[in-house]
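Undergrad: would you be able to build a 3D model of this:
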Amino acid sequence: MNAPQHRSPAPETLWYARGPVPTPLGIAAQQGWLNQAFSQFGTEAHALSESGDPAVRQSFYDHTQPNSVRQSGSIAALWARARGSDTRLIGLTWTDEYQALIALPESGIRTVSDLRGRRIGLPRHVDRTVDIFRISALRGCLNALATEAISEHEVEWADIDVVAPDITALHEPHPYSAEARALLRGEVDAIFVKGSQGAEASHWLAAHTVIDIGRHPDPALRCNNGTPRTLTVDAALLDNYPQLVERVLREVQRAAQWAENNPLLTRQFIARETRSSEYWAAHAYGEDVHRHMHTTLEPVYVDALQRYADFLSARGFIAHPVDVRGWISDAPLAALRASAPQGASYAR
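TA: Take a look at the predicted model:
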């Protein structure tokens, strides 16, 4: 007979991270549900961004902080996995967003076809651990060009150097200020912007939206850093405290259900998360964003993430290929569904 396993008490702190994007984890954090949920375990929930230790905040990228969960864009999660961080993927969300190539009206660029032979700016964040903005911009631009069968070699690419605080810093400037300056100075003909702050930047530039690839009917062309977004946990947390991970997922799904029932409040929460106004949040993520916050492991989402991982690997953005299905642990979601009241959204 095997000796019984003795687990240590629940950790004092559970760390969580989310980017400035729409996530149900962000809603749960804003509502105070995480600390309420974990108080019964004697555990406090803290955001990585609240830590005064840069090494702790750095875990947004490398996911090395013990007892941590992260729900945000897929690039950092895949980058960390590729370089050996022992994490598990327990869920995906797909919230479509504004992803646009924009140009000034005087450029004469009206359609994607007009981009042939023109100069497209790509941000280059020289101080970033992994350049999420550059990767997202390149992917969005390539997807946009693909709608008119334009090769990447038929346009000119121009680097736009951005020296800005990392996401682990306490304050950041507007994310598209460098690209906007390059566009206004005529150094580039078109730039890529996304999300509510990208939509806002396009407005104050009085720019023309050449294409919003985020509204394209083909989900393969909409696939980028935020579509889908990943929910990951460190493997030791899942192995040692599966009940805590299941509780995280329960609160995430609770937030998604709350969002579906509270569209106006959800827009307010997303505006705060994305550091923008409610108007631009609705413009960027859609009037029905409250219906697209559920976390799942639907095969279509998994397949999309695998294609994105393959893109990152082929372009040299991650150190090694990532087998997405081998990364997944579906146990927390299965346990949650098994214990869910009949009719709950995550029981379907």
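Undergrad: tell me the contacts of the residue positioned nearest the centre of the chain?
TA: Closest to where the C-alpha atoms of the chain average out (CA atoms, centre = their mean) is G73, at 2.0 Å. Contacts for G73 (CB atoms under 8 Å, 6 or more residues apart in numbering) come out as G19, V21, I132, S136, N225, G226, R229, T230. Backbone N, C-alpha and C define where each C-beta goes, glycine included.
Undergrad: what about those, which one has the most neighbours?
TA: N225 (29 neighbours; other CB atoms under 10 Å).
Undergrad: which non-adjacent residue is nearest the residue nearest to the centre of the chain?
TA: N225 (4.0 Å; CB to CB, 6 or more residues apart in numbering).
Undergrad: for W280, see how far away that neighbour is.
TA: To W280, N225 is 19 Å away according to CB to CB, to the nearest Å.
Undergrad: and the pLDDT for the residue nearest to the centre of the chain?
TA: On pLDDT, G73 comes in at 97.
Undergrad: try L48
TA: On the pLDDT scale, L48 gets 95.
Undergrad: that one touches A17, doesn't it?
TA: Yes - using CB atoms under 8 Å, L48 is in contact with A17, at 4.3 Å.
Undergrad: between those two, what contacts are shared?
TA: Joint contacts of L48 and A17 (CB under 8 Å, 6+ apart) are S59, F60, S68.
Undergrad: redo those as JSON lines? Include neighbour count, distance to L264 and secondary structure.
TA: Listed next are the shared contacts of L48 and A17 as JSON lines, based on neighbours: other CB atoms under 10 Å; distance: CB to CB, whole Å; DSSP: H, G, I helix; E, B strand; the rest coil:
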{"residue": "S59", "neighbour count": "23", "distance to L264": "34", "secondary structure": "helix"}
{"residue": "F60", "neighbour count": "24", "distance to L264": "30", "secondary structure": "helix"}
{"residue": "S68", "neighbour count": "24", "distance to L264": "32", "secondary structure": "strand"}
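Undergrad: coming back round to it: compare L48 and A17 (neighbour count), which wins?
TA: More crowded of L48 and A17, by other CB under 10 Å: A17, with 25 against 22.
Undergrad: who does the more buried one bridge with?
TA: R70 (DSSP bridges).
Undergrad: distance of R325 from D303?
TA: Counting by CB to CB, the gap from R325 to D303 is 9 Å.
Undergrad: list the contacts of the top helix by length along the chain.
TA: If you go by DSSP state H, the chain has its longest helix at helix 242-261. Helix 242-261 is contacted by residues 10-11, 14, 16, 24-25, 27-28, 31, 33-34, 37-38, 41, 43, 69, 71, 90-91, 93, 231, 233, 237-238, 266, 269, 290-291, 293-295, 331-333, 335-336, 344-346 when judged by CB under 8 Å, 6+ apart.
Undergrad: which of those fall in strands?
TA: L14, Y16, V69, Q71, I90, G91, T93, L231, V233 (DSSP state E).
Undergrad: and these as a markdown table, adding distance to D159 and neighbour count?
TA: Below are the ones in strands among the contacts of helix 242-261 laid out as a markdown table (distance: CB to CB, whole Å; neighbours: other CB atoms under 10 Å):
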| residue | distance to D159 | neighbour count |
| --- | --- | --- |
| L14 | 40 | 26 |
| Y16 | 34 | 23 |
| V69 | 34 | 28 |
| Q71 | 31 | 28 |
| I90 | 36 | 27 |
| G91 | 35 | 29 |
| T93 | 32 | 24 |
| L231 | 33 | 29 |
| V233 | 36 | 29 |
